[in-house]
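In: attaching a predicted model along with its sequence, questions to come.
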Amino acid sequence: MNISENSRDGALVIAAAGRLDSSTAAVLEAVLPARVKVQKAVILCLAEVPYVSSAGLRVLLIGAKAAKAAGNRLVITGLSPAVREVFDISGFSKIFSIEVDVEAAVVAIG
């Protein structure tokens, strides 16, 4: 899993690429919770993530809880149909603010 970060209109954009599973979840876990604790708005782009396992969902949930505890926002973008299905089945679609792409997330954060 590769992670890149950049700023966009006052938000931190974290882009992940590769499978998000038990062998790669630690890479995202090393970044996401720490960033959402200090950044008012974080956009997590999963456009280059073709697969998310339960280990990946756990890391996303840790990030969501950290953002909420800090009073910050986490928006997820770029879900492929397969990853969106995992979010829908697991109920994560109701937990997270999800936008189509980074542009839409920037607008939503406003």
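Out: Sure thing, it's come through. Numbering: from 1, shown residues only.

In: state the mean pLDDT of the lengthiest helix in the chain.
Out: Taking DSSP state H as the assignment, the helix of the chain that covers the most residues is helix 54-70. Mean pLDDT, helix 54-70: 97.

In: give me the buried positions along it.
Out: Burial within helix 54-70, assessed by neighbour count using 16 or more other Cβ atoms under 10 Å, is assigned to Ala55, Gly56, Leu57, Val59, Leu60, Ile62, Gly63, Ala64, Ala66, Ala67. C-beta coordinates here come from the backbone N, C-alpha and C atoms, glycine included.

In: kindly report the same for stretch 3-10.
Out: Buried positions in stretch 3-10, judged by neighbour count with 16+ other Cβ under 10 Å: Ile3.

In: distance from it to the middle of the chain?
Out: Relative to its parent chain, stretch 3-10 has a centroid offset of 13 Å by Cα atoms, centre = their mean, to the nearest Å.

In: wait, what's in contact with the residue nearest to the spatial centre of the chain?
Out: Nearest to the mean C-alpha position of the chain, by Cα atoms, centre = their mean, lies Leu44 at 3.5 Å. Going by Cβ atoms under 8 Å, 6 or more residues apart in numbering, Leu44 touches Ile14, Ala16, Leu32, Leu60, Gly63, Leu74, Val75, Ile76, Thr77.

In: and if you look at Ala16?
Out: Taking Cβ under 8 Å, 6+ apart, one finds Met1, Asn2, Ile3, Leu28, Leu44, Cys45, Leu46, Glu48, Val49 in contact with Ala16.
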